[in-house]
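Trainee: I would like the atomic coordinates for the input below:
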Amino acid sequence: MKFLSLIVMWALAFSAHGVDLYVYGPGGPAPAMKAAAAAFEKASGTKVVVTAGPTPTWIEAARGNADLLYSGSEHMMSDFLVMLGSMLAADTVRPMYLRPAAILVRPGNPAGIGGLVDLLKPGHRILVVHGAGQVGLWEDIVGRDGDITTLRALRSNIVHYATNTGAAKERWLTDPKIDAWIVYNIWAIANPGIADVVPLEPHYRIYRDCGIVLTERSRAKPEAQAFTRFLESDQGRAIFERFGWVRRDAEAAAAKEGF
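Mentor: Predicted structure coming up:
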């Protein structure tokens, strides 16, 4: 409530300026980011234009007017810093939320897949993404065993490596012989009805993040800074959690409990 009051005060000071914010990033976090942008606009009067998708589709536009970029993983954020160099304010990179990798199966789970161990058995047809925020995601998952036979078993069942999750979704929808898709849980939430979610066993479960970074042009722009604070406010957190993201802040919890 305190934060929203500050937003309203800030809006009274700046809304007359008609300032828009331009935000770019990948498709995975986009449903949560767009919902947060709409809520922020409603509270502050500042319009936030979110452009989402594979990086090549928006990178040139971002060079021209981006105020903020958000990422779908740490390595993606690092790639942004390399691609855009001094345009980004590297010291403002802020990891915000995590989402777990999971197994998506056909509605009703007709193949009876209960976890990764089932995907290691011969006969399954698996879809993975090798690009965007999921470079080598399946390798990180099965690599936790430290057993090359586990990786061999999974790889022998992978039938398609999509370049990004949008392309993987298209393959999932057009190839019903694929019975499992290793991806993040959020894709089932954002696309209800196309798949059920089977959580990975805790031993295999890994997370990757959504982070945010200011551009140098927006470093001193109060609207941009207010939006980044909103993303991590209680209201922003509730929005991201609605789309399957999590944030466990062990240091904050310990401080609150006096440890």
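
Trainee: after the lengthiest strand in the chain comes which helix or strand?
Mentor: Scanning the chain for the strand with the most residues, using DSSP state E, yields strand 94-105. Using DSSP states H and E, the helix or strand that follows strand 94-105 in sequence is helix 116-119.

Trainee: okay, buried residues for the longest strand of the chain please.
Mentor: Buried positions in strand 94-105, judged by neighbour count with 16 or more other Cβ atoms under 10 Å: 96-105. Where you see a C-beta, it was placed from the backbone N, CA and C, and this is true even at glycine.

Trainee: right, and out of those, which lies closest to residue 202?
Mentor: Nearest to residue 202 among the buried residues of strand 94-105: residue 100, at 10.0 Å, using Cβ to Cβ.

Trainee: angle of the longest helix that the chain contains against strand 94-105?
Mentor: Counting by DSSP state H, the longest helix found in the chain is helix 30-44. Angle, helix 30-44 to strand 94-105, by axes from the mean of the first three to the mean of the last three Cα atoms, to 10 degrees: 140 degrees.

Trainee: counting contacts, what elements does the helix or strand following helix 30-44 pack onto?
Mentor: Using DSSP H and E, the helix or strand that follows helix 30-44 in sequence is strand 47-52. Other elements packing on strand 47-52 under the criterion 3 or more Cβ pairs under 8 Å, 6 or more residues apart in numbering; DSSP states H and E are strand 20-25, helix 30-44.

Trainee: need the winner for burial among the ones you listed.
Mentor: strand 20-25 (a mean of 22; mean count of other Cβ atoms under 10 Å).

Trainee: show residues contacting that one.
Mentor: For strand 20-25, the external contacting residues (Cβ atoms under 8 Å, 6 or more residues apart in numbering) are 33, 37, 46-52, 58-59, 61-62, 65-72, 218, 221, 223-224, 227.

Trainee: now the longest strand of the chain: average pLDDT?
Mentor: Strand 94-105 shows a mean pLDDT of 96.

Trainee: do the same with stretch 55-71
Mentor: Here the average pLDDT along stretch 55-71 is 97.

Trainee: spit out the contact partners of residue 213.
Mentor: Residue 213 sits in contact with 68-71, 77, 80-81, 88-90, 92-94, where contact means Cβ under 8 Å, 6+ apart.

Trainee: repeat the analysis, applying 6 Å as the threshold.
Mentor: Counting by Cβ atoms under 6 Å, 6 or more residues apart in numbering, residue 213 makes contact with 69, 88, 92-93.

Trainee: confirm it sits in a strand?
Mentor: Yes: under DSSP: H, G, I helix; E, B strand; the rest coil, residue 213 falls within a strand.

Trainee: ok, the nearest residue to it once chain neighbours are set aside - how many residues close by?
Mentor: In space, and not counting its chain neighbours, residue 213 is closest to residue 93: 4.7 Å by Cβ to Cβ, 6 or more residues apart in numbering. Residue 93 has 18 neighbouring residues, counting by other Cβ atoms under 10 Å.

Trainee: and residue 139, by the same measure?
Mentor: Neighbours of residue 139 using other Cβ under 10 Å come to 13.

Trainee: with residue 79 instead?
Mentor: For residue 79, the count of nearby residues is 14 (other Cβ under 10 Å).

Trainee: ok, of the contacts of strand 20-25, which come out buried?
Mentor: The neighbour count (16+ other Cβ under 10 Å) marks 33, 37, 46, 48, 50, 52, 58, 62, 66-72, 218, 221, 223-224, 227 as buried among the contacts of strand 20-25.

Trainee: restricted to helices, list the residues you listed.
Mentor: Mapping the buried ones among the contacts of strand 20-25 onto helices (DSSP H) picks out 33, 37, 62, 223-224, 227.

Trainee: quick check: residue 164 vs residue 135, distance?
Mentor: Distance, residue 164 to residue 135, by Cβ to Cβ, to the nearest Å: 11 Å.

Trainee: any chance you could map the helices in the stretch 151-259 of the chain?
Mentor: Taking DSSP state H, counting those that start in this stretch, the helices of the stretch 151-259 of the chain run over residues 165-174, 186-190, 222-231, 234-242, 250-256.
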